[in-house]
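Trainee: next input, structure requested:
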Amino acid sequence: MTQLQLGRPSKASSTGRRDQTSNHTVVLNDDVLRSIFWLLDNVSLLLVMRTSPAIYWLALEVLLARGVTLKSEEATSSFCAFMSAQDFSRAPLIRNSLELSSSNLSPTTAQALCSTLRRTTRLQKISIRDVDKLFRTAPELVQVLAELQYLEEVDVVAQKWTDSVLIFLATLRSRLTHLNVQFPSSLTPDNCGRSSEIIPIELLQRSAHTLRHIRIENVTMSAWADIVLPQVVHLHATAVQLPSTDVLARTLPNLITLVVEEVYWDPEEPVDVDTAAARRCQNHYRQERYGSWPCLEWVTGPVVEVFSLGLVCPVYTLILESDRRSDMDWVMLETLLDFTPSLQELELTAIEDLYTLEWPYNGYEAVHDLTEFEGKAAHWEMHVWKTQDRLRETFEEYRNFFEKSRCKLHELILQLCTPCFIRDCDPTAEPSHQEQSLECPVVAGLRDYDVSGDAEAFFSAMPTLDTVELVLMHHDDLVTRYRCAPVDEPVYGSMALVRS
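Mentor: As a prediction, this is how the structure comes out:
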């Protein structure tokens, strides 16, 4: 329990005595104080720490519980000096997370960090950027970090495999629940002396029955046939060579959510609809024969990669990315939805290039500046109208598409990302140094377009829908978001947002 004295400062009376009636002592439970401190920002928390020794330690505990990030050697050195004061009495308060972002440490700073970590006995999460470089400049950290017994989450990003990285993963004394291992796409045996065939999971046998969340990038899963991780419920795989889907299901039998990005099965395979169809057919057959997951609640990724998985298990939520500039995505999306009859929620982000269908807006041949619209109001308004007309046609295509689908959706989120034919709007183009006074006609068309009618039409086309959300984007910028329920149901909320 901690005492707080509240009230106005006492004042001297006419007799020269101080009136104490305005002061009150309030006793608050430490948990209540911690809850209050969590509502304060770091600057306010530092001010509170100066009020009393008891408050200091409670507030410091909350401050360190928000996580510690050391971005430079100077920050690391200063932090270690603070922790080492009073015989490292503050070090045990570092429990939630520690991020090491500086890979070039002097011997003195490295030694100070090791001394602090040896006393940080209850640290639960460690994040290290450029872990290979850090271990090269401070090799003594490998053993110190590996001996932390209460680590639950390890998040490491490296430029290449090194012996020290492998030793760290292999000698961890703790049993992990979360693992994030990321390596660059340029990882090859020639440039790092290690093969991308190294399997980090094989080095973490102590955690085989405790891991629940795995995120891996540019490592292999193709040889996971003999590995079983029964507690894993979430897998996020980026630029990973996957095994066949049935093998993945046996490795992670209780998987609930799956995220795939740039995954592949054979690095020599071309990316086209025929190859994706063949891969899907093979994965589908192997799951029918050897088994799959009992249920995946949530799968997200590009349409071609989710399509290629050939899933035969029920899936309740799909979050997909599609490029409608390719007919391949449209065909695969149609097949994917037809073979996912249990699907209840679909979030589809689609690139819709509204100006590539006819001359002069084909490809990159017609590139315009906003200055070309100055003094040409009719020309500008024509493009506003054309944007809305194409948008209306696009929504009609989607409505007809979903109406013919066999899936009975309850929630649909459709986000249309519209690239612009105007060079000044392209985020990848060289920035213009001229101040633009005109608004992009595509943005104006998207902003002024009334999506409510299209939302109601989706409810008519798909009677099972409970919620529709339509989102319009100009490149990566949000223009409009509209969310609604059927007209005879309570509206969950609708709004229009504009970003200039």
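
Trainee: burial count for residue 100?
Mentor: 24 (other Cβ atoms under 10 Å). C-betas here are computed from N, CA, C, even on glycine.

Trainee: quick check: beta-bridge partners of it?
Mentor: Counting by DSSP bridges, residue 100 forms beta bridges with residue 70, residue 128.

Trainee: walk me through the domains of the chain.
Mentor: Per automatic domain parsing, the structural domains of the chain span 1-65, 344-500.

Trainee: those domains: lowest mean pLDDT?
Mentor: Within those, confidence is poorest for domain 1-65, with a mean of 72 (mean pLDDT).

Trainee: and the end-to-end length of stretch 403-417?
Mentor: End-to-end span of stretch 403-417 (Cα to Cα, to the nearest Å): 22 Å.

Trainee: give the buried residues for the helix or strand hosting residue 458.
Mentor: Here residue 458, judged by DSSP states H and E, is contained in helix 452-461. By 16 or more other Cβ atoms under 10 Å, the buried positions in helix 452-461 come out as 454-455, 457-459, 461.

Trainee: quick one: which of those is nearest to residue 101?
Mentor: Distance to residue 101 across the buried residues of helix 452-461 (Cβ to Cβ) is lowest for residue 455, with 44.5 Å.

Trainee: for the closest residue to residue 140 other than its chain neighbours, give me the pLDDT.
Mentor: Excluding its sequence neighbours, the residue lying closest to residue 140 (Cβ to Cβ, 6 or more residues apart in numbering) is residue 114, at 5.4 Å. On the pLDDT scale, residue 114 is placed at 94.

Trainee: so residue 114 sits against residue 144, correct?
Mentor: Yes - using Cβ atoms under 8 Å, residue 114 is in contact with residue 144, at 4.9 Å.

Trainee: re the thing from before, show the subsequent helix or strand relative to the helix holding residue 458.
Mentor: Heading C-terminal from helix 452-461 (DSSP H and E), you reach strand 467-474.

Trainee: run through the neighbouring helices and strands of that following strand.
Mentor: strand 411-418, helix 441-448, helix 452-461, strand 477-484 (3 or more Cβ pairs under 8 Å, 6 or more residues apart in numbering; DSSP states H and E).

Trainee: helices of the stretch 201-350 of the chain, start to end?
Mentor: Here the stretch 201-350 of the chain has its helices, by DSSP state H, counting those that start in this stretch, at 245-251, 273-290, 303-309, 327-338.

Trainee: residue 42: which of those is closest?
Mentor: helix 303-309 (40.8 Å).

Trainee: one step back: out of the helices of the stretch 201-350 of the chain, deepest packed?
Mentor: Of all the helices of the stretch 201-350 of the chain, helix 303-309 carries the top mean neighbour count, a mean of 26, counting by mean count of other Cβ atoms under 10 Å.

Trainee: which secondary structure elements does that helix contact?
Mentor: Using 3+ Cβ pairs under 8 Å, 6+ apart, helix 303-309 sits against strand 257-261, helix 273-290, strand 296-302, strand 315-323, helix 327-338.

Trainee: nearest approach to residue 36 belongs to which of those?
Mentor: When these are compared by Cβ to Cβ, strand 257-261 sits nearest residue 36, at 35.0 Å.

Trainee: which positions within that closest one qualify as buried?
Mentor: For strand 257-261, burial by neighbour count (16+ other Cβ under 10 Å) applies to 257-260.

Trainee: kindly reformat these as a markdown table containing pLDDT.
Mentor: What follows is the buried residues of strand 257-261, written out as a markdown table (pLDDT from 0 to 100):
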| residue | pLDDT |
| --- | --- |
| 257 | 97 |
| 258 | 97 |
| 259 | 97 |
| 260 | 96 |
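
Trainee: tell me which of those residues is nearest to residue 269?
Mentor: Closest approach between the buried residues of strand 257-261 and residue 269, by Cβ to Cβ: residue 260, at 15.3 Å.

Trainee: surely the closest one meets residue 309?
Mentor: Yes - at 7.4 Å, residue 260 counts as touching residue 309 under the criterion of Cβ under 8 Å.

Trainee: now for the two: what residues contact both?
Mentor: Common contacts of residue 260 and residue 309, defined by Cβ atoms under 8 Å, 6 or more residues apart in numbering, comprise residue 299.

Trainee: distance of residue 274 from residue 268?
Mentor: Residue 274 is 15 Å from residue 268, where distance means Cβ to Cβ, to the nearest Å.

Trainee: likewise residue 248?
Mentor: To residue 268, residue 248 is 20 Å away according to Cβ to Cβ.

Trainee: same thing with residue 163?
Mentor: Distance, residue 163 to residue 268, by Cβ to Cβ: 30 Å.

Trainee: neighbour count winner among the two?
Mentor: Taking neighbours as other Cβ under 10 Å, residue 163 and residue 268 compare with residue 163 leading, 13 against 5.

Trainee: contacting residues for that one?
Mentor: Residue 163 makes contact with no residue, according to Cβ under 8 Å, 6+ apart.

Trainee: correct me, but residue 401 touches residue 331?
Mentor: No - using Cβ under 8 Å, residue 401 is not in contact with residue 331; the gap is 11.2 Å.

Trainee: hang on, isn't residue 157 packed against residue 132?
Mentor: No - using Cβ under 8 Å, residue 157 makes no contact with residue 132, being 9.3 Å away.

Trainee: list residues touching both of the two?
Mentor: What both residue 157 and residue 132 touch, as defined by Cβ under 8 Å, 6+ apart, is an empty set.

Trainee: quick one, which of the two is more surrounded?
Mentor: The residue with more neighbours, out of residue 157 and residue 132, is residue 132; 20 against 17, by other Cβ under 10 Å.

Trainee: where does the more buried one sit, in terms of helix or strand?
Mentor: Take DSSP H and E as the rule and residue 132 turns out to sit in helix 131-137.

Trainee: again with residue 397
Mentor: With secondary structure defined by DSSP H and E, residue 397 is part of helix 377-404.

Trainee: mind listing what's buried in that helix?
Mentor: By neighbour count on 16+ other Cβ under 10 Å, the buried set for helix 377-404 is 380, 383-384, 386-388, 390-391, 394-395, 398-399, 402.

Trainee: okay, now the closest residue in space to residue 206 that isn't next to it in sequence: neighbour count?
Mentor: Ranked by Cβ to Cβ, 6+ apart and with sequence neighbours excluded, the top spatial neighbour of residue 206 is residue 175, at 5.5 Å. Neighbour count of residue 175, defined by other Cβ under 10 Å: 16.

Trainee: thought residue 210 was touching residue 175, still the case?
Mentor: Yes - if you go by Cβ under 8 Å, residue 175 and residue 210 touch, sitting 4.2 Å apart.

Trainee: the helix holding residue 397 packs against which elements?
Mentor: Using 3+ Cβ pairs under 8 Å, 6+ apart, helix 377-404 is in contact with strand 411-418, helix 441-448, helix 452-461.

Trainee: let's have those in TSV, adding distance to residue 80.
Mentor: TSV is the format used below for those (distance: least, Cβ to Cβ, whole Å):
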stretch	distance to residue 80
strand 411-418	46
helix 441-448	51
helix 452-461	56
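
Trainee: so which of these is nearest residue 325?
Mentor: strand 411-418 (11.0 Å).

Trainee: what sits up against that closest one?
Mentor: If you take Cβ under 8 Å, 6+ apart as the criterion, strand 411-418 is touched by 344-354, 387, 391, 394, 398, 402, 442, 446, 458, 462, 465-476.

Trainee: could you give the angle of it to strand 467-474?
Mentor: 10 degrees (axes from the mean of the first three to the mean of the last three Cα atoms, to 10 degrees).

Trainee: note down every partner strand of strand 411-418 and its orientation.
Mentor: With DSSP bridges as the test, strand 411-418 pairs up with strand 345-351 (parallel), strand 467-474 (parallel).

Trainee: make a markdown table out of these and add mean neighbour count and distance to residue 438.
Mentor: Shown next, in a markdown table, are the strands paired with strand 411-418 (neighbours: other Cβ atoms under 10 Å; distance: least, Cβ to Cβ, whole Å):
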| stretch | mean neighbour count | distance to residue 438 |
| --- | --- | --- |
| strand 345-351 | 19 | 25 |
| strand 467-474 | 22 | 15 |
